[in-house]
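> No sequence on hand, only this structure:
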């Protein structure tokens, strides 16, 4: 056909509102869904198909502690507490997603990741820190672009 070309981008098989251009830039809402496009042209009656591409949200970092009370899904943390004489006396943080590099810091000092974790996991033990508030930072790199996340933790007696 010689008519106008039309595009409809889809997320998980459903039309994306406003997704009618020749190109589409994924957004956070696309993470974990298949994104595909249907292309049409006036006067063309043949079959057109497109493969779905699953979008991974790797531009953000999620630090996870999987056994937070009342949060069985292991959602992202912004802070937590560990205790010198109580429980829990340690926390394991891990990264969701795969990155090219991982660099952990606690209170501004480099902290090696746990052995065998490929850099994705860090365990913090209360015995290693003074009582009070501390922070842990993670910087990762994906295809040369750095991303970082910092959260606080408190050490109690």
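Okay, I see it. These figures come from a predicted structure and were not determined experimentally. Numbering: from 1, shown residues only.
> This protein: helices as residue ranges?
When assigned using DSSP state H, the chain turns out to have no helices.
> By mean pLDDT, flag the weakest helix or strand of it.
strand 63-64 (a mean of 48; mean pLDDT, DSSP states H and E).
> all strands for the protein, in order.
5-11, 14-15, 34-41, 53-54, 63-64, 79-83, 90-95, 101-106, 109-110, 121-125, 132-142, 145-156 (DSSP state E).
> which one of those strands lies closest to residue 22?
Among the strands of the chain, strand 5-11 comes nearest to residue 22, with 5.8 Å by CB to CB. To be clear about C-beta, it is placed using only N, CA and C from the backbone, and glycine gets the same treatment.
> How far does that closest one sit from its chain's centre?
Strand 5-11 has its C-alpha centroid displaced from the chain centroid by 27 Å (CA atoms, centre = their mean, to the nearest Å).
> Partner strands of that strand and their direction?
Strand 5-11 pairs in its sheet with strand 14-15 (antiparallel), strand 34-41 (antiparallel), by DSSP bridges.
> Out of these, which is closest to residue 6?
strand 34-41 (4.5 Å).
> buried residues in the closest one?
Across strand 34-41, burial judged by 16 or more other CB atoms under 10 Å covers 35-37.
> Stretch 87-95 now?
Going by 16+ other CB under 10 Å, stretch 87-95 has these buried residues: 91, 93-95.
> What mean pLDDT does that stretch get?
Average pLDDT, stretch 87-95: 83.
> Same check on stretch 102-111?
92.
> picking up where we left off before, okay if I get the buried residues of strand 34-41 as CSV plus distance to residue 142 and pLDDT?
Converted to CSV, these look like this (distance: CB to CB, whole Å; pLDDT from 0 to 100):
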residue, distance to residue 142, pLDDT
35, 19, 78
36, 23, 81
37, 24, 83
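> I figured residue 127 hits residue 83, correct?
No. With contacts counted by CB atoms under 8 Å, residue 127 stays clear of residue 83, the gap being 10.1 Å.
> hey, what's in contact with both of those two?
Common neighbours of residue 127 and residue 83 (criterion: CB atoms under 8 Å, 6 or more residues apart in numbering): residue 89.
> what about these two, which has more around it?
residue 83 (15 against 10; other CB atoms under 10 Å).
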